[in-house]
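> Quick check, what structure comes out for this input:
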Amino acid sequence: MTRHFWCFITFLGLLSSCGGGDDSPAAPGAAQLVFPLQNSECTTGESLSEELSQVTFEWGASSNTESYLLSAVNLNTNSAQTITTTSTSASLSINKGTPYSWTVTSINPNSGQTVSEVWLFYNAGSQTTYPPFPAQLVRPVSGSTVQKSVSNEVILEWIGADVENDIVSYEVFFSDQNPPLTSEANLDGLTRELAVSVQSNTIYYWRVVTTDGEGNRSDSGVFEFRVF
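Numbering: from 1, shown residues only. Sure, this is the predicted structure:
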């Protein structure tokens, strides 16, 4: 064989060795939350004072994960507490009689992060009845710009939950003024979306007040969006 032929074979070999499979590490899996249970009252915390108790959060191990970031958000103040661990449980000192959301972020320094589902719970206090969880405003996303429909409308969508499962109404406040004080509609506890009339090149603000069968109320806080 000629020298040129052997050079060609060598060149193909180099291409083959450089073109192997993708060895980049896989992204971490999402942790499966275990405790506190979704939409529950957490009564197992260790009492630390009249205001605080220590709650142990638990979740299942996720694939390709080196560490976990636990985050618990006080839904009354929107303040978060976090802790990083390599275990599948961690404890935080949190306020009694207070609604919280919590998530676990699976972390791999070489391939990124993956966030779990968001679960809600009430940390038990002295009360025997609890307000509904503040409605989670889903759509439009706060700060986003959206396209109105041909009928000049935008759909507002939210999620509601309550420990006693007795939500009776959602009152939607919607306006081009912040905070929105105009009551756009008072809906039954099964309705979780509303079409509202909008104009182009305008910023709108909205919030949802949830009421349960005991007359307890919670406020979602204000979201905003812009219309094209």
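
> hey, let's count contacts and neighbours off CA atoms from now on
Fine.

> Skip the chain neighbours and tell me the closest residue to the most centrally placed residue in the chain.
Most central in the chain under Cα atoms, centre = their mean is residue 118, positioned 4.5 Å from the mean C-alpha point. Nearest residue to residue 118, sequence neighbours excluded (Cα to Cα, 6 or more residues apart in numbering): residue 103, at 5.3 Å.

> try residue 148
Excluding the flanking residues, the one nearest residue 148 by Cα to Cα, 6+ apart is residue 154, at 5.4 Å.

> Just the buried residues of the one helix or strand the one you found maps to, please?
In this structure, residue 154 is located in strand 153-159 according to DSSP states H and E. Across strand 153-159, burial judged by 16 or more other Cα atoms under 10 Å covers 153-154, 156-158.

> Is it possible to get TSV of those that adds distance to residue 123?
Shown next, in TSV, are those (distance: Cα to Cα, whole Å):
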residue	distance to residue 123
153	39
154	36
156	29
157	27
158	23
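
> what's the closest of the residues you listed to residue 178?
residue 156 (16.7 Å; Cα to Cα).

> who's in contact with that closest one?
138-140, 193-196 (Cα atoms under 8 Å, 6 or more residues apart in numbering).

> pLDDT score assigned to the closest residue in space to residue 159 that isn't next to it in sequence?
Counting by Cα to Cα, 6+ apart, residue 136 is the residue found nearest to residue 159 once chain neighbours are left out, at 5.1 Å. At residue 136, the model reports a pLDDT of 95.

> cool, and residue 182?
With respect to pLDDT, residue 182 scores 95.

> And it, how far from residue 211?
Distance check for residue 182 against residue 211: by Cα to Cα, to the nearest Å, it reads 17 Å.
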